[in-house]
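Peer 1: Build the 3D model from these lines:
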Amino acid sequence: MNQFTQRELLYLEDFLKTEQLAYKSMGFLADQCTDQAVKQLCQNCAQTHKQNYQTMVKHLSSGTLQ
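Peer 2: Numbering: from 1, shown residues only. This is a model prediction of the structure:
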């Protein structure tokens, strides 16, 4: 695995927390929506943030970050 500085690790941690909060929040909002267009937009946004989170976790755990 790559060696990261303490600052880089803090940035990665912040990124992961932000993406996780974004996908959970957008999922919650989607559940609350009655307008189907807005609901779909929130679901799409939640899915994008969840994929970002999962991709970063995958790269971090496999050591493939450059």
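
Peer 1: What's the local residue count around residue 36?
Peer 2: 8 (other CB atoms under 10 Å). The C-beta positions use only the backbone N, C-alpha and C, and glycine is treated the same way.

Peer 1: and if you look at residue 48?
Peer 2: 14.

Peer 1: Repeat that for residue 40.
Peer 2: The local packing of residue 40 (other CB under 10 Å) involves 12 other residues.

Peer 1: in what helix or strand does the residue positioned nearest the centre of the chain lie?
Peer 2: Residue closest to the mean C-alpha point of the chain, counted by CA atoms, centre = their mean, is residue 19 at 2.8 Å. Assessed by DSSP states H and E, residue 19 sits inside helix 6-32.

Peer 1: could you say what helices and strands that helix packs with?
Peer 2: Applying 3 or more CB pairs under 8 Å, 6 or more residues apart in numbering; DSSP states H and E, we find helix 6-32 packed against helix 36-62.

Peer 1: could you check the angle helix 6-32 makes with the helix it packs on?
Peer 2: On the basis of axes from the mean of the first three to the mean of the last three CA atoms, to 10 degrees, helix 36-62 is oriented at 150 degrees to helix 6-32.

Peer 1: For helix 36-62, the averaged confidence score.
Peer 2: The average pLDDT for helix 36-62 rounds to 95.

Peer 1: Check which helices and strands it sits against.
Peer 2: Counting contacts by 3+ CB pairs under 8 Å, 6+ apart, helix 36-62 is packed against helix 6-32.

Peer 1: Go through the helix it packs on and flag the buried ones.
Peer 2: 19, 22, 23, 26, 27, 29, 30 (16 or more other CB atoms under 10 Å).

Peer 1: Next, count neighbours for residue 45.
Peer 2: Neighbour count for residue 45, taken as other CB under 10 Å: 17.

Peer 1: 532 is where my numbering starts, stick with that
Peer 2: Happy to do that; since the first residue is 532 now, the last one works out to residue 576.

Peer 1: Please consider this matter closed, and thank you.
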